[in-house]
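J.: below: sequence and its predicted model.
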Amino acid sequence: MRIGEVAALVGVTPRTVRHYHHLGLFPEPGRLSNGYRDYGLRHAVVLARIRRLTELGLGLAEVRDVLADDAGRELVEVLEELDEDLARQAAELTRRRTRLAGLIARAREGGLPVEGPVSPELAGLLGALPPGESAMAAKDRGHLALLDTVLAQEERERLFAALAPLADGGRAARIHELYERLDALADADPGDPRIVPLGDALAACMPDELIAALSEGPLPSGSDTFGRAFLDDFPPAQSAVVHRMLSVLDARRRELPGEEEETA
């Protein structure tokens, strides 16, 4: 048989057969006087077994391991490892489908934030905050979505739990007002006299739970990579306000019980 014939018999393509030859997975047959490969039934048997193994989900390196005379591993070992891997994939698919079902349900109810998909913790926080047209509020929501993506689950849950008090009625209204004041500084000079009092007001709005949650590491600042990128995301006057707020929060954090001992 020629390559096209053995490939058609087994149900693969000639290109696949050539790929197996190139990898050394499927030994090449002898050639006829005209240079064509001459495949026999023995080759078709091996090729059919390769197809069955790959359809089970084995990688080509694993297939080579199974086919090699000196593999040192029984087929059952390889299949057991494959079964364990498929079980992990199935569990992950179940977890993802469960999350998708929740997102779809919230979307149908009109409760999915525009930043979605986000974690349930952040979705709850964003859903509780009052809507508005503030450009600064939209930027903050984007920053929270970024943290939602990059933080480990435990850190994410701790941070958003600490931010939950921001959604309280009175505090949420105050935050909305401060966002509007920040928006007004979009084109202001970095020496604007409104900067310091606004930074202090923002810091005063931040819940003590947030300070406690951040007590295990430094607050963002201009001295670290994330802090520089964070502050650079704002126009100069707004960046100065945020920097002032972070400085006040850092001072508050140092006053927490146990902080003096750690920093002494």
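T.: Yep, it's here.

J.: just the pLDDT at the closest residue to Ala137 other than its chain neighbours, thanks.
T.: Spatial nearest neighbour of Ala137, excluding adjacent residues (CB to CB, 6 or more residues apart in numbering): Tyr179 at 4.6 Å. Heads up, the C-betas are built off the backbone N, CA and C, glycines and all. We have a pLDDT of 91 for Tyr179.

J.: how much space is there between His43 and His19?
T.: As judged by CB to CB, to the nearest Å, His43 and His19 stand 15 Å apart.

J.: more neighbours: which of these two?
T.: Neighbour comparison, His43 and His19: the larger count goes to His43, with 21 against 14 (by other CB atoms under 10 Å).

J.: from the contact counts, what lies against the helix or strand containing the more buried one?
T.: For His43, the host element (DSSP states H and E) is helix 41-55. Judged by 3 or more CB pairs under 8 Å, 6 or more residues apart in numbering; DSSP states H and E, the packing partners of helix 41-55 are helix 3-10, helix 14-23, helix 60-67.

J.: next, format these as a markdown table and append distance to Glu209.
T.: As requested, those are exported to a markdown table (distance: least, CB to CB, whole Å):
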| stretch | distance to Glu209 |
| --- | --- |
| helix 3-10 | 64 |
| helix 14-23 | 57 |
| helix 60-67 | 50 |
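
J.: hang on, the earlier thing: and the residue nearest to Ala137, what does it touch?
T.: Tyr179 sits next to 132, 134, 136-137, 140 when contact means CB atoms under 8 Å, 6 or more residues apart in numbering.

J.: mind putting the residues you listed in JSON lines, neighbour count and distance to Arg97 included?
T.: As requested, the contacts of Tyr179 are arranged in JSON lines below (neighbours: other CB atoms under 10 Å; distance: CB to CB, whole Å):
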{"residue": "Gly132", "neighbour count": "14", "distance to Arg97": "34"}
{"residue": "Ser134", "neighbour count": "19", "distance to Arg97": "35"}
{"residue": "Met136", "neighbour count": "22", "distance to Arg97": "36"}
{"residue": "Ala137", "neighbour count": "20", "distance to Arg97": "32"}
{"residue": "Asp140", "neighbour count": "16", "distance to Arg97": "31"}
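
J.: out of the residues you listed, which one sits closest to Arg244?
T.: Nearest to Arg244 among the contacts of Tyr179, counting by CB to CB, is Met136 at 14.9 Å.

J.: that closest one and Ala162, how far apart?
T.: Computed with CB to CB, the distance linking Met136 and Ala162 is 21 Å.

J.: ok, Ala251 next?
T.: Relative to Ala162, and taking CB to CB, Ala251 is found at 18 Å.
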